[in-house]
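Asks: sequence and predicted structure, then a few things I'm wondering about:
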Amino acid sequence: MGLIEPYLPDIWLFIIGFFLLYYAVADGYGLGVGILSLFARDEEERSIMMESIESTWHDNQTWLVLLGGMLFGAFPLFYSLVLSSLYIPILLMLFGLIFRGISFEFRSNSDEKRTWSLSFGFGSLIVTIAQGFALGGLLSGLPVKDGVFAGSVWGWLNPFSVLVTAGVLAGYVMLASNYLILKTHDEIQQRSYRISLLSSIITLVVSVTVHLRIVAMYPHAAGKWTHPPDCYAVWAFVLLAGIAFVLLLVSLKQRREIAPLFCNMGIILFSFVGMSVAMYPYMIPNVIASPLTVHSVAASPDTLWFMLVVVMVLIPLILTYTGYKHRLFRGKTTGIGYESEKGHG
Amino acid sequence: MESLVDHVTLSRLQFALTAHFHILWPVLSIGLSLFLVVMEALWLKTGNIVYYRHCRFWSRLFLVNFTVGVVSGIPMEFQFGTNWAPFSVAGGDFFGHMLGFEAAMAFMLEATFLGIMAFGWNRVSPRVHFFSTCMVALGSSLSAFWIMVANSWMHTPTGGVFIDGRFVITDKLAAIFNPDMPWGVSHMWLACIEISVFVVGGLSAWYILKGRHVDFFLKSFKIAVIAAIVVTPLQILVGDGSGTAVYEHQPAKLAAIEAHWETNPPGEGAPWKIIAWPNKARQDNDWAIEIPYALSLITTKSPTGPVRGLREFPVEDQPPVLLPFYAFRIMMAVGFLLFFLMLWTAWTWYRGGLDADRIMDRKRLLHAWIAAVPLSYIGMETGWITREVGRQPWILYNMLRTTDAATNMPASAVGGSLLTFAVLYPLLFVLFVYFAKRIIAAGPAEAVPPRQRLQGHRHE
């Protein structure tokens, strides 16, 4: 216990990172499908798109609730600072989640399918934009004084955060198109191959620009790229992300069905880890005083221990039953609808 | 009341609005999921298709209700960080991980198995489906447990010390099993069951009254009556216990709920006010209709037991009086009305009045059940007003004041979000009513049980 205790906040950072990553991938494709549904040719296409995530979008979204709760418990200062500093994007995200959240159930009960498809599409778009600005706002640094946010409620709105938002938009669309390649066929699938290619190139360009900007903004992050031993890890993950990207392009060219989504997950995993290594140990880049480290925003060791024990039991359990469910609902979407299974048997 | 537009007041209004709206939905999710477990168990046991059709019918209502519960629930979790940042820092060590437990232990379970419950009829065996329904019910009740643990801890924060504006946990179990927790959890969980019992019973009564599917809904009506026989008296007993806990741990709150200003001198009993007009400026009631000795008797179980009056507490530590006083009385009246409705129905049943050929003539009884639906929700909401307004001026009882716990930010930002909630939530309510009415108007379908899942069958 004594050996692990100093590393508890780091262990928790790892766990929270996993939650964030899982959420970003799982709800990322869900939100991306929502954005893409806005460009669908007709209601039938929208039906297929919505149906492709109908049985799983809700548990995927629940990782956000899990992330929020665990962040609150493990890093109370981080949770309160970040959420209160980014008030407008966070609230915007919550409002977007309302529109997205009601769309499936209300659509299946309604004759006005189009209204609820739009609620799904625009809700997803609002959530994505809000998450982009929240991330962009955090990465642009928060003015924190005496443990309290000391900036403007509009501080998150700047050219850099617009760029980050564009990256998040392109990234979610890229994930969604790779997901639709797996879940659909014919017209939608063919179009998804083209969208995937386009959005992956945009995502790459934006991500590289964002990374360069971060290196320019934060000297400690720049140091990670040049000073051993950290630089080995950073470059290794950049290299892995690069390989995954090349494999994605190849799999798209070969019209593979499963590989693109997994390559995409690889890209996200490696670039996320690389980025985390570069930022570590800072959780909140502070623009007026010293940045807040993982240890300074964590809960008391007792709390972290207690939560750790509980979470170590729960995570395998959650992964088991969610895995079972994903397996249960695997396979192509037909467009006939689970609705027929649900509504009247 | 000095200013209606400062950020603290606006954040409080926003929390009050979102919390009061949100709580409408999980209560039915919790109770109805248990009802679905009962119905599905009956189907599996008896093979009677009527129970299967009950499952399908009620689960449609369940899903619409659940949807509004989820979308209005997510803002609750995030609002602690956005609007109550100082509270999140002060209480995060305990409060935060209770919310984390809720998500990981309960909500995830509920969300995942809900998908199988809703979409899995043809994909999984009846046993696996039944298991999924059970997990949804377990998840939703566990969820209520953790949320009420967190909430009750705000009322009786034990298990640690409050230093430098932060609550540091020293004894986790003491914090979880804080004095208010057993009462908070059981009172709220029973409220969920009680409301669901009257929703199921009230809707069944409506169909019977209309002469639609009378035999079908007589089954659910009778199950509701049986549940009401157990739940309504139990809730009154637990409510009484809950009041005793308030007397012991939150004396100022009890005095406010009862508009009790002056401690009764030794040897004299404190009276219970049936109604009164409390006047905080005068620190007294302008007028009151009282039952002598009753307050001492109810709270201390002795006719002359001492009950501390509000004047013993500094004015700045006194909760508002008018709102808890009347909210409590409405809640109590509802609890007893539902209890009497149960007695009336049980008596009618005993006399054979609930037989299929006679129940149609019990119009008054059926109307009373329909009226009990909104009434039961009113009881729950007024209960929450009593509980939370009575806790004021503290967010963390006797440790952190609500006014010190709100995020300091421009009132315009909070005003904007409050306005958006104030537009969106009524809209959600209207949409729910619209879709619920459609489902109710359509009534139960002539559903056929799913074919046994064929080996390797997929939706391809």
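Replies: Now that the structure is in, tell me what you want to look at.
Asks: can you pull out the strands in the chain?
Replies: Picked chain A for this. A:144-145, A:148-149, A:282-284, A:292-293 (DSSP state E).
Asks: was after chain B, sorry
Replies: Here chain B has its strands, by DSSP E, at B:160-163, B:166-169, B:272-279, B:284-291, B:394-396, B:400-401.
Asks: sorry, back to before: quick one, which of the strands of chain A gets closest to chain B.
Replies: strand A:148-149 (7.2 Å; Cβ to the nearest Cβ). C-beta coordinates here come from the backbone N, C-alpha and C atoms, glycine included.
Asks: helices and strands around the closest one, which ones?
Replies: Counting contacts by 3 or more Cβ pairs under 8 Å, 6 or more residues apart in numbering or on different chains; DSSP states H and E, strand A:148-149 is packed against helix A:76-85.
Asks: quick one: residues in contact with the helix it packs on.
Replies: A:68, A:71-72, A:90, A:137-138, A:142, A:144, A:147-149, A:151, A:155-156, A:283-284, A:292, A:296-299, B:78, B:80-86, B:88-89, B:91-93, B:96, B:407, B:409 (Cβ atoms under 8 Å, 6 or more residues apart in numbering or on different chains).
Asks: give me that answer again for 6 Å
Replies: Helix A:76-85 is contacted from outside by A:71-72, A:90, A:142, A:149, A:283, A:297, A:299, B:81-82, B:85, B:88-89, B:92, B:96, B:407, using Cβ atoms under 6 Å, 6 or more residues apart in numbering or on different chains.
Asks: among those, which ones are in helices?
Replies: By the criterion of DSSP state H, membership of the contacts of helix A:76-85 in helices covers A:L71, A:F72, A:I90, A:V297, B:G81, B:T82, B:A85, B:S88, B:V89, B:G92, B:G96.
Asks: which intervals of chain B have sub-threshold pLDDT?
Replies: Applying pLDDT under 70 to chain B picks out residues B:1-4, B:447, B:450-460.
Asks: max pairwise distance over the contacts of helix A:76-85: which two?
Replies: Spatially, the most separated pair among the contacts of helix A:76-85 is A:I90 and A:A299, at 20.8 Å (Cβ to Cβ).
Asks: let's have the ones in helices among the contacts of helix A:76-85 in TSV, adding neighbour count and distance to B:Q318.
Replies: Listed next are these as TSV, based on neighbours: other Cβ atoms under 10 Å in any protein chain shown; distance: Cβ to Cβ, whole Å:
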residue	neighbour count	distance to B:Q318
A:L71	25	36
A:F72	28	31
A:I90	26	35
A:V297	24	36
B:G81	29	30
B:T82	28	29
B:A85	29	27
B:S88	26	26
B:V89	25	27
B:G92	29	28
B:G96	29	30
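Asks: out of those residues, flag the one nearest to B:F421.
Replies: B:T82 (12.1 Å).
Asks: measure the residue nearest to B:M188 when sequence neighbours are not counted to B:A191 for me?
Replies: Leaving out its chain neighbours, the residue that sits closest to B:M188 by Cβ to Cβ, 6 or more residues apart in numbering or on different chains is B:M148, at 5.2 Å. Per Cβ to Cβ, to the nearest Å, B:M148 is found 11 Å from B:A191.
Asks: now residue 60, nearest residue through space, not along the chain?
Replies: Using chain A here. A:A26 (3.7 Å).
Asks: let's do chain B instead
Replies: B:I439 (5.1 Å).
Asks: burial count for the nearest residue to A:I181 once chain neighbours are set aside?
Replies: In this structure, A:I181 finds its nearest non-sequential neighbour in A:S192, 4.8 Å apart by Cβ to Cβ, 6+ apart. Using other Cβ atoms under 10 Å in any protein chain shown, the number of residues around A:S192 comes to 24.
Asks: ok, the one 4 residues further on next?
Replies: As a burial measure, A:S196 scores 26 neighbours (other Cβ under 10 Å).
Asks: nearest residue to it other than its sequence neighbours?
Replies: Nearest to A:S196 is A:S177, by Cβ to Cβ, 6+ apart, at 4.0 Å.
Asks: again, but for A:V148
Replies: With sequence-adjacent residues excluded and distances taken as Cβ to Cβ, 6+ apart, A:V148 is closest to B:N408, at 7.2 Å.
Asks: skipping its backbone neighbours, what lies nearest the residue in chain A positioned nearest to chain B in space?
Replies: Residue nearest to chain B within chain A: A:P76 (2.4 Å; Cβ to the nearest Cβ). Leaving out its chain neighbours, the residue that sits closest to A:P76 by Cβ to Cβ, 6+ apart is B:G92, at 2.4 Å.
Asks: do the same with B:I116
Replies: Spatially, and ignoring its direct neighbours in sequence, B:I116 is nearest to B:S132 (4.1 Å; Cβ to Cβ, 6+ apart).
Asks: now stretch A:52-59: buried residues?
Replies: Under the neighbour-count criterion of 16 or more other Cβ atoms under 10 Å in any protein chain shown, stretch A:52-59 has A:S52, A:I53, A:E54, A:S55, A:T56, A:W57, A:H58, A:D59 buried.
Asks: quick one on the thing from earlier: and the strands of chain A, which is most packed in?
Replies: Scoring the strands of chain A by mean neighbour count under mean count of other Cβ atoms under 10 Å in any protein chain shown gives strand A:282-284 as the most buried, with a mean of 22.
Asks: so which elements touch that one?
Replies: Contacts defined by 3 or more Cβ pairs under 6 Å, 6 or more residues apart in numbering or on different chains; DSSP states H and E place strand A:282-284 against strand A:292-293.
Asks: contacts for the strand it packs on?
Replies: Strand A:292-293 is touched from outside by A:P281, A:Y282, A:M283, A:I284, with contacts defined as Cβ under 6 Å, 6+ apart.
Asks: in terms of pLDDT, where does the nearest residue to the last one once chain neighbours are set aside sit?
Replies: In space, and not counting its chain neighbours, A:I284 is closest to A:L292: 4.2 Å by Cβ to Cβ, 6+ apart. Looking at A:L292, its pLDDT stands at 79.
Asks: show me where pLDDT drops low in the stretch 51-200 of chain A?
Replies: Within the stretch 51-200 of chain A, no stretch has pLDDT under 70.
Asks: up against chain B, what does it have?
Replies: A:55, A:58-59, A:62, A:65-66, A:68-70, A:72-73, A:76-77, A:79-80, A:83-84, A:87, A:90-91, A:94, A:97-98, A:101-102, A:105, A:109, A:153 (Cβ under 6 Å from any Cβ of the partner chain).
Asks: again, 7 Å this time
Replies: Proximity of the stretch 51-200 of chain A to chain B, by Cβ under 7 Å from any Cβ of the partner chain, involves residues A:55-56, A:58-59, A:62, A:65-66, A:68-70, A:72-73, A:76-77, A:79-81, A:83-84, A:87-88, A:90-91, A:94-95, A:97-98, A:101-102, A:105-106, A:109, A:153.
Asks: can you say which of those are buried?
Replies: Using 16+ other Cβ under 10 Å, the buried ones in those are A:55-56, A:58-59, A:62, A:65-66, A:68-70, A:72-73, A:76-77, A:79-81, A:83-84, A:87-88, A:90-91, A:94-95, A:97-98, A:101-102, A:105-106, A:109, A:153.
Asks: on that earlier part again, touching, the residue nearest to A:I181 and A:L180? I think so.
Replies: Yes: if you go by Cβ atoms under 7 Å, A:S192 and A:L180 touch, sitting 4.2 Å apart.
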